[in-house]
Every structure is written in structure tokens, then in C-alpha cells.
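Colleague: build me a structure from this.
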Amino acid sequence: MNDFLYMFLLFIIYSVAGWIIECLFCRFYYHKLVDRGFLLGPYCPIYGVCAIFMIMALVRWQNDWLVLFVMAVLIASVVEYITSYIMEKIFHTRWWDYSDDPFNVNGRICLLNSLLFGVLGLILLKMVNPFVKTWLLGIPTNILNGISITLLIAFIIDFIISFNIIFKLQKSVVSLKKDRTLEVSTKVREILNQKSVWFSRINFAFPNYKLIPQKIKKQTKKLKKKKKK
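Modeller: Presented below is the predicted three-dimensional model:
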């Protein structure tokens, strides 16, 4: 099987697994069903990305549990931090925020979450991935290729649609001309619920997201400069 298609298939499998984990966690923590995920489909790509990096980078330490755990924590933390940073820069939106959690870094990552990712990394590398690999090798190559190509096309379409939705969301924020994050967030939630099922999907997936328009960021910087003076 083509290496790219094989890795993409693993990416999808672990992204779906991540989506299930997130939904179960939110069901337990918030006591309600939350359809997590930035994209419209039932997957959380950040889990898939972390899994692929761990599989590719940590093979040499397969028998060293401590190194595997530490490296899994580092990989997950870096991926989550960069993802948060990029998404905020592109969409001016903070999709998750750990500012209220202890030992956080700019609210993008926190110690507890990173440690949990480390545990998941251990489970992935020692138990789950060997099983998944054996299972996939038992499926005829032509069938796997067909499934992978179909999923790749569906993922690309989903990616384009989802980004289009978020860019429209960004335009809605800019058109509001508000200077307070709370007011903007409240108004945008109203807009999302009125737009369509797809917009409501994003609102449902990230009920605690924070919108950070450029105006707010600029004014915050000005206030900080005045305080320093």
C-alpha cells in the first residue's frame, strides 16, 4: 500500500478516535452531548496529527516507557500549542483556553492536558497501533487504497467547507464593530444559530470559544503600553 495513503488512513482512524474521546469527556465533564471538532465530520485532526508524529518519531524508543511518555507529552504539547496559535492568527478566534487551569502556557496548553496526552500516547504506541497495523495488513491492498482515496476526497471537501464557514464567521465578527469580546461572542452565537446547520455545528462543538477581533487585540496592546508608562 502507498505510504502516504497508509499514513492518511491512520490519521483518519486516530482523528475519529480522538473525536470519540472528546465527546465522551464532554459528556462526563459537562453532563451533555457535545459534538466536538473543528471540521464538520466526526473527527478531531489534532489527535490524528499527534498520533502520526508519535508513530513516526518514537519507533526507536518503543521499549522505553519513560522516554515514550515524555516524548509523547512534548509532541502533543507542541502540536496543540502551534494549532491554537495558527487558528487564532487565521481566524482571530481562540477555540480553547486553559487560562483558568494551573501550569498553563498562554492558555494554549496546560500540564494536566499534556500529561493525559502522554498517557494516550503510551496506549497508542504500546497497544492500539500494533493492533491497528495488523488489522490493516489483513485487508487487501486494492480495497485499502479505494477506502483511503475516498476518505481523502471527503476530508478535503470537508476541510474546504469548514474553512469557508469559519471565514464567514470572521467576517460576521468584523462587521459587528464591537470592542468587547463578550459582546462579540454573544452576538456571533446568535448569528451562527440563525445561519444554517453547519454554522450551528461549529457553535455546538466549541461552546466556550473566545473571539478575538483585531480591534480588541490592538486596544489591549495600547492599554498594556499605557500601564507600563
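Colleague: show me where the protein has helices.
Modeller: Secondary structure of the chain (DSSP state H): helices located at 3-29, 45-57, 65-91, 111-123, 129-137, 141-176, 181-195, 197-205, 214-228.
Colleague: alpha carbons only: can I get the fourth one in CSV?
Modeller: So the one you mean is helix 111-123. Listed next in CSV are the C-alpha coordinates belonging to helix 111-123 (Å, rounded to 0.1, in the frame of the first residue of the first chain):
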residue,chain,number,x,y,z
LEU,A,111,0.1,20.5,32.3
LEU,A,112,-2.8,18.2,33.0
ASN,A,113,-4.0,18.0,29.4
SER,A,114,-0.4,17.4,28.2
LEU,A,115,0.0,14.6,30.7
LEU,A,116,-3.2,13.0,29.6
PHE,A,117,-2.0,13.1,26.0
GLY,A,118,1.2,11.4,27.2
VAL,A,119,-0.8,8.6,28.6
LEU,A,120,-2.8,8.3,25.4
GLY,A,121,0.5,8.3,23.5
LEU,A,122,1.7,5.3,25.6
ILE,A,123,-1.6,3.4,25.0
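Colleague: all further residue positions should be reported with the first residue as 169.
Modeller: In the new count, where the first residue is 169, that last one comes out as helix 279-291.
Colleague: name the helices or strands packed onto it?
Modeller: Applying 3 or more C-beta pairs under 8 Å, 6 or more residues apart in numbering; DSSP states H and E, one finds that helix 279-291 contacts helix 213-225, helix 233-259. C-beta: built from backbone N, CA, C; applies to glycine.
Colleague: sorry, back to before: ranking the helices of the chain by burial, who's on top?
Modeller: helix 213-225 (a mean of 21; mean count of other C-beta atoms under 10 Å).
Colleague: report the backbone C-alpha coordinates of it in CSV.
Modeller: Listed next in CSV are the C-alpha coordinates belonging to helix 213-225 (Å, rounded to 0.1, in the frame of the first residue of the first chain):
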residue,chain,number,x,y,z
PRO,A,213,-7.5,16.2,13.3
ILE,A,214,-5.2,17.3,16.2
TYR,A,215,-5.4,13.7,17.6
GLY,A,216,-4.6,12.3,14.2
VAL,A,217,-1.6,14.7,13.7
CYS,A,218,-0.2,13.9,17.2
ALA,A,219,-0.6,10.1,16.5
ILE,A,220,1.2,10.3,13.2
PHE,A,221,4.1,12.3,14.7
MET,A,222,4.3,9.9,17.6
ILE,A,223,4.3,6.8,15.4
MET,A,224,7.0,8.2,13.1
ALA,A,225,9.2,9.8,15.7
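Colleague: and for that helix, what are the contacting residues?
Modeller: With contacts defined as C-beta atoms under 8 Å, 6 or more residues apart in numbering, helix 213-225 is touched by 175, 178-183, 185-187, 189, 206-207, 239-240, 243-244, 247-248, 251, 285, 289, 292-293, 297.
Colleague: again with stretch 271-285
Modeller: Against stretch 271-285 from outside (C-beta under 8 Å, 6+ apart): 218, 240-241, 244-245, 248-249, 252-253, 262, 264-267, 269-270.
Colleague: can you lay out the helices of the chain as CSV showing mean pLDDT?
Modeller: Output for the helices of the chain, formatted as CSV (pLDDT from 0 to 100):
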stretch, mean pLDDT
helix 171-197, 88
helix 213-225, 92
helix 233-259, 90
helix 279-291, 93
helix 297-305, 91
helix 309-344, 80
helix 349-363, 53
helix 365-373, 63
helix 382-396, 55
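Colleague: state the phi and psi torsions of residue 230.
Modeller: phi -50, psi -30 (degrees, to the nearest 10).
Colleague: and it, what is it in contact with?
Modeller: Going by C-beta under 8 Å, 6+ apart, residue 230 touches 236, 293.
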